[in-house]
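Student: Output the structure for:
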Amino acid sequence: MRNVKKIKTNHVKSSSKKSSLPPSCLIDRLPFDILHHIFHLAKDATVKRKPVIMSTAYSHVCKYWRDSILRMPVMWDRIDFTRHGRLDKWAKAKEYLRRSRNSPIDIGIFSGETDDKFLDEIMVSKIFRIVMPHIRRWRSVHAFIDVQGWRVIENRIREASAPALESLSVLVYDTVNRPIVWSCQVFEGGLPKLRCWKLPLIPPSMVIPHLCELRELHIDESAWGITMMESTIQGLILVLGQCKKLEHLTLKIAAPLGYEPSILAEDTRVVFPHLLSLDLGKDQASMWGLSYLRPLFRHIEAPNLRVINTGGFYNSILPIIKSKNPFPALTSLNLRQHLWREQEATLNLYSPTIIEGAFSKLSNLVELTLTHQLVRSNLFDVLKTHCPRLVSLEFNTCGFFCWECVNMVSARKRSKTLSSIKRLIIFGNGPIIVSPQYRHWLQVNVETFAFAV
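Tutor: Residues are numbered from 1 along each chain as shown. So this is what the prediction gives:
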């Protein structure tokens with residue numbers, strides 16, 4: 001009993017002693033280096049799927065946090081300009097530039113999607129008066145502007161040098177739907193660290209020092225409101241010829257249907273030894289460039305290319321693979337034909353000589369995705385004997401020959417030289433009928449099988 005009373009007395013004394021201590025928060029006693037690391041990890045947040053800069057919010061928590069975060073230039077390196085910000089609120093951007101000191105900075109210039117929300121040329125001009133003195137610190141620039149805004153930017157950076165710039169993304173929107181004269185004579189002083197560049201058009205000529213270090217190039221001519229481009233194969237070859245270290249290439253060409261570009265000399269070759277992926281888009285605008293890109297494939301060689309997304313251009317890809325196969329290391333192929341292009345549904349993809357000749361050379365193919373009006377039996381016949389490493393198939397179609405598919409999977413499973421199909425996905429864009437018997441067989445014999453209409 002005495003021991004119990006003694007324990008209670010000690011507990012009361014310790015409790016009163018704790019209550020007499022001044023209130024304190026553990027994070028207030030953290031060393032600056034640890035707090036710096038925590039802030040850096042929690043620098044960016046997402047609210048309702050929109051990125052939010054948290055630096056200002058953290059600095060309003062307490063004096064210790066504010067003093068600490070003001071000592072961290074890296075927390076103030078993201079500078080955004082928007083139409084709704086108005087000129088009187090851009091003082092915040094100036095303050096961020098001051099607080100970032102000598103750290104590399106990321107600049108965003110964003111307009112809305114309607115005419116009344118665009119940053120006009122006066123606003124864009126004032127923005128560049130703010131950021132141009134810090135051009136040596138630019139790490140990335142992302143701009144979504146109209147044509148007149150781009151004219152202002154182009155004039156400002158024509159002869160400039162951005163030694164720290166790693167990523168440049170420009171999306172130009174033409175609100176009056178008119179032809180655009182595109183020169184893109186920018187950064188003539190050089191971009192020694194540029195790794196990623198997104199352009200809205202193919203410039204007719206562009207020679208920029210140090211472009212050979214580029215790793216990603218995205219050319220998207222299907223941007224909203226932009227029509228009637230007069231791009232040339234020569235211009236594209238001139239750009240690509242400078243990018244010897246390119247790893248990822250995206251081409252969404254919007255040349256009008258039937259537009260035939262100038263043909264290059266037959267011996268012209270552009271070799272990309274490091275190119276890993278080629279994306280030709282998947283929207284309606286990219287379909288218009290079919291005749292535009294056909295001659296381009298005759299001049300491109302990518303011995304280490306792994307992934308191709310053909311958009312609507314399989315009619316250009318497959319004959320080239322059949323004739324010389326400039327992509328011997330290809331492991332993933334996405335053949336896409338828009339389902340509404342019914343007139344082309346029976347073109348080259350189902351020519352027996354072309355399909356067999358092309359797939360016979362894809363010895364390293366592992367994944368095949370096909371979006372087409374109708375998946376016919378001759379494709380399954382070819383897959384019974386070719387593509388020894390193929391393990392994944394995905395179909396998005398309005399018509400499907402289920403028995404031929406089952407027969408192909410069964411034949412590959414019995415083969416000693418071909419790999420078995422381990423993944424089979426079928427998306428029906430219409431009334432596709434797969435009998436319960438065949439569906440059960442596929443579920444049993446394929447590791448991952450899915451069927452959805």
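Student: Show me where the stretch 1-150 of the chain has its helices.
Tutor: With DSSP state H, counting those that start in this stretch as the criterion, the stretch 1-150 of the chain has helices at 2-19, 32-41, 55-59, 63-69, 91-99, 121-131, 147-157.
Student: CSV please, covering the ones you listed and showing mean neighbour count.
Tutor: The C-beta positions use only the backbone N, C-alpha and C, and glycine is treated the same way. Below are these laid out as CSV (neighbours: other Cβ atoms under 10 Å):
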stretch, mean neighbour count
helix 2-19, 9
helix 32-41, 13
helix 55-59, 17
helix 63-69, 15
helix 91-99, 15
helix 121-131, 17
helix 147-157, 19
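Student: And those helices, which one averages the lowest pLDDT?
Tutor: Out of the helices of the stretch 1-150 of the chain, helix 2-19 stands lowest, with a mean of 49 (criterion: mean pLDDT).
Student: circling back to that earlier point, rebuild the helices of the stretch 1-150 of the chain as TSV, extending it with distance to residue 76.
Tutor: As requested, these are exported to TSV (distance: least, Cβ to Cβ, whole Å):
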stretch	distance to residue 76
helix 2-19	39
helix 32-41	11
helix 55-59	6
helix 63-69	9
helix 91-99	4
helix 121-131	14
helix 147-157	23
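Student: Of all those, which one is nearest residue 171?
Tutor: helix 147-157 (9.5 Å; Cβ to Cβ).
Student: Which elements pack onto the closest one?
Tutor: helix 121-131, strand 138-146, strand 167-173 (3 or more Cβ pairs under 8 Å, 6 or more residues apart in numbering; DSSP states H and E).
Student: strands paired with the last one, and their directions?
Tutor: Taking DSSP bridges as the criterion, strand 167-173 pairs within the sheet with strand 138-146 (parallel), strand 196-199 (parallel).
Student: helix or strand right after the shortest one?
Tutor: It refers to strand 196-199. strand 216-220 (DSSP states H and E).
Student: Name the strands paired with that following strand and say parallel or antiparallel.
Tutor: Going by DSSP bridges, the partners of strand 216-220 are strand 196-199 (parallel), strand 248-252 (parallel).
Student: Could you pull up phi and psi at residue 396?
Tutor: Per-residue torsions, residue 396: phi -130, psi 110 (degrees, to the nearest 10).
Student: sorry, back to before: could you export the strands paired with strand 216-220 as CSV, including mean neighbour count and mean pLDDT?
Tutor: Output for the strands paired with strand 216-220, formatted as CSV (neighbours: other Cβ atoms under 10 Å; pLDDT from 0 to 100):
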stretch, mean neighbour count, mean pLDDT
strand 196-199, 19, 86
strand 248-252, 20, 84
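Student: wait, which of these is closest to residue 170?
Tutor: strand 196-199 (6.3 Å).
Student: who touches the closest one?
Tutor: 166-171, 184, 214-220 (Cβ atoms under 8 Å, 6 or more residues apart in numbering).
Student: circling back to that earlier point, using a markdown table, lay out the helices and strands packed on helix 147-157 together with distance to residue 428.
Tutor: Converted to a markdown table, the helices and strands packed on helix 147-157 look like this (distance: least, Cβ to Cβ, whole Å):
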| stretch | distance to residue 428 |
| --- | --- |
| helix 121-131 | 48 |
| strand 138-146 | 37 |
| strand 167-173 | 35 |
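Student: Relative to residue 91, which of those is closest?
Tutor: Taking Cβ to Cβ, helix 121-131 is the member of those nearest to residue 91, at 9.9 Å.
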